[in-house]
Each structure stands twice: as C-alpha cells, then as structure tokens.
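**Q** Pasting the sequence and the predicted model now:
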Amino acid sequence: MTNASPSSVRLTGWGRYAPSRVLTNADLERIVDTSDEWIVSRTGIRERRVAAAHETTASMGAVAGLRAIRTAGLEPDDIDLIILATLTPDYWMPSTAALVKEAIGNTRAAAFDVAAACSGFVYAYATASAYIASGMARHVLVIGAELLTRFLDYADRSTCILFGDGAGAVVLSASDEPATPVGIELTTDPQGAYMIWLPAGGSKSPPSAETIARGEHKIRMEGKETYRFATRTLASTSLAAVGKAGWTQDDVDLIIPHQANMRIIEAVAKGLNLSMDRIFVNLDRYGNTSAASVPIALAEAVNGGRVKAGDKLVFVAFGAGFTSGAVAMEWTADPARGPIGDAAVNPDDVVVRKPVDWDSVDPIPPALAEVMRRPLPVDLDLSDVAPGEPARATHAAR
C-alpha cells in the first residue's frame, strides 16, 4: 500500500452481475399465497434474479469486481484493497473478499468484508474513500454482493417476494486532479436492531436442529416499522450528504436509492421535493438485492445513459441495524467505458476455488427449487389462428 496522499478520490470503474435465472411474480404465485397484482401494488417488484446452484456471493462479486476493474482500465494486481459488503457471505470464515481476491487473479491486495446489511456498499465506499484519502491505498475495489434467495422463508409472503440475487462493484482511485465536491453521511440507530434480522447462526444462537426446525435461519422483518424508518432516514441522510458536499437538493441531477420498495422511493422523492425523473429505479426487474442494490443500479444508470461527466449524484441506502448511508459526488469518468468493461469479462471464466474434500448440500431451498424445475404454464390463444397454422404459445412476461 502507498502512503502518498492524493489530491482527490475519483470513481474510475463500475460493473455489475445478475444471474440469468428470472423469478417472476407469476412463479411466486405457485409457491405462496400471493399474486402479481398484490406484489406490484405494494412493492413495485415484477421479477427478481435467482443464483444457480453453482453460483455464490463470491462468484457473483468476482464477476462484478473484475468488470469494474476492466472499466477502470486497470489490471487486477493494480488493486491495493478489496472491500466486500454482504450479509450473505459464502462462509463465516474466510472472508468472501478473500475468495474474490483469488478469483480475479489479484496477488497483492488486502481484503475484508463489511457487514452493514443493505447499507453495506455505502459503508464500504466510505471506508475505501478514507483509505485513499489517507494515502494508504491508490486503487480500491468496492463490491456489494448478495445471495438472498437461499435465506428466505417461502411460506412467508411478506419477505419471500422482496429479495433477489446479484452483485455490483466500483473502483475508487487516487487522482492528482483537483478535488471535486463530495459528502458522505453514515448513521446507525440500534433501536431497530431486531426489525430486520436473522435470529440464528451467530454466537448468540448457534446452528442446531432446534434453530433449523423453528426456521430461525431465514430473514425476518417487521414491515411497518422498517417502512417508517426508511422513508424518514433515506431523505435525512441524503440531505446531510448533500449539505456536506456544499450543495442543495436542487443541485442534484440524479439520486440512486436503495431499491427496496417503490412506495418508499416515491415517499423519499416527495420528502426531498424531487420529481421521479431525477430518481433512478430498477426495482421492478431485480427486487431488493441488499448491499448489491446501489452498485447494480449505479452501473445500470451510467451504462444506460442517465449519467454524464459533471453530473451531481447521490446514492443512498438503509438497512438492518438500523443503518443508513449516503454519498454525494460529482461524476468524472467516461460513461462509455462501462459496456467495454462488461464485454471484457465472461462470467464462465471467473471461478472461485472450492475447498478440498468438502461437498456442500444443494443450496437452493426446496420450494424454490421445485418452482424452478417446473415448466411455465402455457396459454394457447386460438382466436386468430387460421386452419393449418401452428398455434403460438404465450408465456408469462420475463
């Protein structure tokens, strides 16, 4: 690691990865008592991604991270530090960041995980920025990666409809260019510690036959209390970061919020007195991917033409703890580099080494595995089919 303090910290690379398997609301109707209309009206979610059995938090994070490195025009060994935010690590130890380091071909970086739930990426970003500003690192890879679909109770429609899998990443780099305005705000309110939690698996309640039988290794959430916290805190944390950057909310070109619930996002926009065209939303296609939510959305916004050099951005998240975090920053990178970085990395070429003499059980929950094996229902519309023509099968939208 270097000790020369830079003039500024710049975001130079970004990347994302989403599993190919799509789980629609129609799929969930076959698992739990719910409907597409019920889910969309209450959350805004229409589909989410589900990791295949061979995919893990580390493998998804490695793909997103390597894409961010390529977008930045760097090699893996240019990275001095890897920080990975997740609440679904591959193992309690070693760190998932250590597995990612090996998978991307880095031989020199320090690597560690950050646990701040859905706010984890913002916390990791703040940590990376401090490392660079202090001169302790020149290039830092920051990853948010989650595999939440293996930690859901598929009999609980209040939680199993919300979450999906994926990973996003950025590279922060030291720069000799003049510093641009930046504001970072982090908060924690432990009064909400048990509003979103996993009851068992830690030292307070280690895994046992009893904890498994009681379903204590699945995510539990108090929806109303979480909603109240989120709508209040996302707005206040955003405003605090904007103020630290020396801006007002009217200066902000685009806000990229944690993609948890459309009602929450709309309430935050109203609280900030901003129109929804200044808020980036991809919740409908990915659901809530926790620590991966903000970096996936950020990469999509940039690659999709929503961001240009000089734009003032805010990305903000809230999560279990209760935690929240926001970054206000000016975009300086060339947006055209994103698709180049994505194309440079084939996910099949990125491999996480498995432990020797250890075979894991099938990681996909039985209820989810069953619906993923079943073919989708086929509806035949014969109203406009002429004699002798083959009927056209129509499937639920994906």
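**A** Great, that's in hand. Numbers count the residues shown, from 1 in each chain.

**Q** Every contact and neighbour count from this point should use C-alpha atoms.
**A** Fine.

**Q** and L84, what is it in contact with?
**A** If you count contacts by CA atoms under 8 Å, 6 or more residues apart in numbering, L84 has them with 61, 96-97, 111-114, 121, 124, 142-145.

**Q** quick one: low-confidence ranges for the chain?
**A** Under the criterion pLDDT under 70, the flagged ranges of the chain are 1-6, 374-398.

**Q** Let's see that with 90 instead.
**A** Residue ranges of the chain with pLDDT under 90: 1-7, 178-179, 181, 191-198, 200-201, 215-216, 218-232, 271, 356-367, 369-398.

**Q** Please enumerate the helices of it.
**A** Using DSSP state H, the helices of the chain run over residues 25-29, 36-43, 57-71, 96-104, 120-133, 209-213, 223-244, 262-271, 283-286, 293-303, 337-343, 366-373.

**Q** Now do the third one against helix 96-104: the angle between them, please.
**A** Relative orientation of helix 57-71 and helix 96-104, computed by axes from the mean of the first three to the mean of the last three CA atoms, to 10 degrees: 60 degrees.

**Q** now for helix 57-71, which elements pack on it?
**A** strand 8-17, helix 96-104, strand 139-147, strand 165-175, helix 337-343 (3 or more CA pairs under 8 Å, 6 or more residues apart in numbering; DSSP states H and E).

**Q** Of those, which stretch is the most buried?
**A** Comparing the helices and strands packed on helix 57-71 by mean neighbour count (mean count of other CA atoms under 10 Å), strand 139-147 comes out on top with a mean of 33.

**Q** Pull up the pairing partners for that one, direction included.
**A** strand 81-85 (parallel), strand 165-175 (antiparallel) (DSSP bridges).

**Q** Would you quantify the distance from the residue lying closest to V307 once chain neighbours are set aside to P339?
**A** Counting by CA to CA, 6 or more residues apart in numbering, V307 lies nearest to A301, which is 6.4 Å off, once chain neighbours are set aside. Separation of A301 from P339 (CA to CA, to the nearest Å): 12 Å.

**Q** Could you say which one of the helices and strands packed on helix 57-71 comes nearest to A72?
**A** Minimum separation from A72 across the helices and strands packed on helix 57-71 (CA to CA) falls at strand 8-17, 4.1 Å.

**Q** list the helices and strands that closest one packs on?
**A** Looks like strand 8-17 contacts helix 57-71, helix 120-133, strand 165-175, helix 293-303, helix 337-343 (3+ CA pairs under 8 Å, 6+ apart).

**Q** between that strand and helix 120-133, how many degrees?
**A** Using the same axes, to 10 degrees: strand 8-17 against helix 120-133 is 140 degrees.

**Q** Between the strands paired with strand 139-147, which one is closest to V9.
**A** Of the strands paired with strand 139-147, nearest to V9 by CA to CA is strand 165-175, at 4.9 Å.

**Q** got the angle for that closest one vs helix 293-303?
**A** Using the same axes, to 10 degrees, strand 165-175 lies at 70 degrees relative to helix 293-303.

**Q** Please write out the alpha-carbon positions of strand 165-175 in PDB.
**A** The C-alpha trace of strand 165-175 is given here as PDB (Å, rounded to 0.1, in the frame of the first residue of the first chain):
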ATOM      1  CA  ASP A 165     -29.500 -12.100  -6.000                       C
ATOM      2  CA  GLY A 166     -26.800 -10.100  -7.700                       C
ATOM      3  CA  ALA A 167     -23.600  -8.100  -7.400                       C
ATOM      4  CA  GLY A 168     -22.300  -4.600  -8.200                       C
ATOM      5  CA  ALA A 169     -18.900  -3.000  -7.800                       C
ATOM      6  CA  VAL A 170     -16.900   0.200  -8.300                       C
ATOM      7  CA  VAL A 171     -13.200   1.100  -8.300                       C
ATOM      8  CA  LEU A 172     -12.100   4.200  -6.400                       C
ATOM      9  CA  SER A 173      -8.700   5.600  -7.400                       C
ATOM     10  CA  ALA A 174      -6.300   8.300  -6.200                       C
ATOM     11  CA  SER A 175      -6.100  11.200  -8.500                       C
END
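
**Q** Report the distance from that strand to the chain centre.
**A** Chain-centre distance of strand 165-175: 11 Å, with CA atoms, centre = their mean, to the nearest Å.

**Q** hang on, the earlier thing: just so I know, which of the strands paired with strand 139-147 lies nearest A103?
**A** Across the strands paired with strand 139-147, A103 has its closest neighbour in strand 81-85 (12.2 Å, CA to CA).

**Q** Can you redo the contacts of L84 as TSV, where the extra columns are distance to D277?
**A** Shown next, in TSV, are the contacts of L84 (distance: CA to CA, whole Å):
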residue	distance to D277
G61	30
T96	36
A97	35
A111	37
F112	36
D113	34
V114	32
F121	24
A124	28
V142	27
I143	27
G144	25
A145	27
